[in-house]
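Enquirer: got a structure for you, letters missing:
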């Protein structure tokens, strides 16, 4: 079980085992010492008692005369007396039969001389005493009338009792020593393990990410030094983790803010990390096969590779580089760059150059042709010359309008045109704009109308005049025998100006592109009616400069509606 692995239990067991071994050895030695001490004392007592018995026999000059006194003396000491002569006469305080059996057993004992005393002693177990241990003493007996041997035998019951008492005392001391040792061991272990448990808990919490801990140094020993070392380690780890978090957040922020997608792969091809552009590219789908094949090639060749491909109408360039750690290739990182906008810009640039070239070439060809005709004298009359000159003048006007429109658009997009904000009234402004086109409208049998309240708003009058001029000009260009209406509405913060015509309308596929520069609808349907192709682009820029929006709704053959939203209140700003 877990508690058996505790340092307290181990330390207690070690101390207890050591103390137990010492106490057991000490107990054995003490018991042996006490036993030997008591036996030596008894040896001396028996020797003295034997000398007294011998003195009694010698004083009475015979065994029979002194036996009564000798027996009385030995009975006082609780010993057994056996005195024999050479003629096998026995004087004893036990039965003669027992005495004779005792003598036979005594004959077989190993006798040992008593230091400083006469006689010999022997220890053995005797059947006469029911197999109990007894100490025997023998000494030669010499009187004036006879000679023999004196035996004194004393059971070791008193010694065993004394030894038992000593054993109990020693066992009690051993028990008390074990209890004291246990208490001391647990006390010592607690003093040691309590700070260790605190350090262990701190280490566990540090493993969970809590590095801002500080332990109190309760002592100046090794455990106190351990607490100080932990505090230093925790402080350094906290600093390291803080720095790593800062670097990770910085790297994460950089990846999130990157316009390019980043995908990181392990050496096995597993996708490890992505940033938002890469996630948008994947859109929850698996990694494209083109990218997987490129990753395998990079991992095999260990060189950087770049490829471009098209997916779902978008153009991408992917750069895949090996990912190294200690000069060992551990994966690859792919940088995904969306080149769709660049492709579109390049296409727009090419289209812009082509359109400008086309728009400039037409009036220039006309100017050159009619000018050469006049210079070469190909006109037959003054009227023909005037007609040629009129064509040259019209084409130069057209060329001038085109250049001016391009310059205006360039200034707007470059932010070099300042708005002159003034209060305006919607209805008078709309009627004034319609007045400019009424004569051309009569020629094409087109009527004009203004519908809506007279809303007051703020705008640049010149810029707004250019907007409505372009919208009304386009509406009149594509409308015959119909009607053009300027519809005025409002809400709490905005004014809405809508130019509605009943003309030919715009094909559905052309509607999203009508605000592009030089974009023109069906060329066959509009032949002879087209303008410069950048009027609606100017409209969009002017409306946006007023923080507004413009949108178009149209159906082929049913006319078009261009709706402008403008804030009623403007602040002066620069495009």
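Expert: Looks like it came in fine. Quick caveat, the model's predicted, so the values are computed rather than measured. Numbering: from 1, shown residues only.
Enquirer: going forward, measure contacts between C-alpha atoms and count neighbours the same way
Expert: OK.
Enquirer: packing partners for the helix or strand encompassing residue 16?
Expert: Residue 16 is part of helix 7-60, with elements assigned from DSSP states H and E. For helix 7-60, the packing partners by 3 or more Cα pairs under 8 Å, 6 or more residues apart in numbering; DSSP states H and E come out as helix 63-77, strand 132-142, strand 147-155, helix 157-207.
Enquirer: chain center to stretch 47-60, what's the gap?
Expert: Taking Cα atoms, centre = their mean, to the nearest Å, one finds stretch 47-60 lying 101 Å from the centre of the chain it belongs to.
Enquirer: ok, back up a step: how about CSV for the helices and strands packed on helix 7-60, with mean pLDDT, distance to residue 460 and mean neighbour count added?
Expert: Below are the helices and strands packed on helix 7-60 laid out as CSV (pLDDT from 0 to 100; distance: least, Cα to Cα, whole Å; neighbours: other Cα atoms under 10 Å):
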stretch, mean pLDDT, distance to residue 460, mean neighbour count
helix 63-77, 75, 146, 17
strand 132-142, 78, 138, 20
strand 147-155, 79, 141, 21
helix 157-207, 75, 67, 15
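Enquirer: Among these, which comes closest to residue 562?
Expert: Taking Cα to Cα, helix 157-207 is the member of those nearest to residue 562, at 66.6 Å.
Enquirer: Flag every buried residue along the very next helix or strand once past that closest one.
Expert: Scanning forward in sequence from helix 157-207 by DSSP H and E, the next helix or strand is helix 222-257. For helix 222-257, burial by neighbour count (16 or more other Cα atoms under 10 Å) applies to 223-224, 226-228, 230-231, 234-235, 237-238, 255-256.
Enquirer: same thing with stretch 270-288?
Expert: So for stretch 270-288, counting by 16+ other Cα under 10 Å, buried means 271, 274-278, 281.
Enquirer: Flag whichever of the residues you listed scores worst on pLDDT.
Expert: In terms of pLDDT, the lowest of the buried residues of stretch 270-288 is residue 281, showing 76.
Enquirer: Now do the residue nearest to the spatial centre of the chain, the pLDDT please.
Expert: For the chain, the residue whose C-alpha lies nearest the mean C-alpha position (Cα atoms, centre = their mean) is residue 209; its distance is 8.5 Å. pLDDT for residue 209: 72.
Enquirer: Out of the buried residues of helix 222-257, the closest to residue 441 would be?
Expert: The closest of the buried residues of helix 222-257, once distances to residue 441 are taken by Cα to Cα, is residue 256, at 56.9 Å.
Enquirer: And residue 193, how close does it get to residue 16?
Expert: 18 Å (Cα to Cα, to the nearest Å).
Enquirer: wait, I meant residue 347
Expert: Residue 347 is 93 Å from residue 16, where distance means Cα to Cα.
Enquirer: okay, those two: which has more neighbours?
Expert: residue 16 (19 against 12; other Cα atoms under 10 Å).
Enquirer: I'd say the more buried one and residue 183 touch.
Expert: No: with contact defined as Cα atoms under 8 Å, residue 16 does not count as touching residue 183 (10.4 Å).
Enquirer: which residues are common contacts for these two?
Expert: Common contact partners of residue 16 and residue 183 (Cα atoms under 8 Å, 6 or more residues apart in numbering): none.
Enquirer: nearest residue to residue 85 other than its sequence neighbours?
Expert: residue 148 (3.9 Å; Cα to Cα, 6 or more residues apart in numbering).
Enquirer: what pairs with the one you found across the strands?
Expert: With DSSP bridges applied, residue 148 shows beta-bridge pairing to residue 85, residue 141.
Enquirer: now it: how far from residue 89?
Expert: Distance from residue 148 to residue 89, by Cα to Cα: 9 Å.
Enquirer: before we move on, what about residue 339?
Expert: 140 Å.
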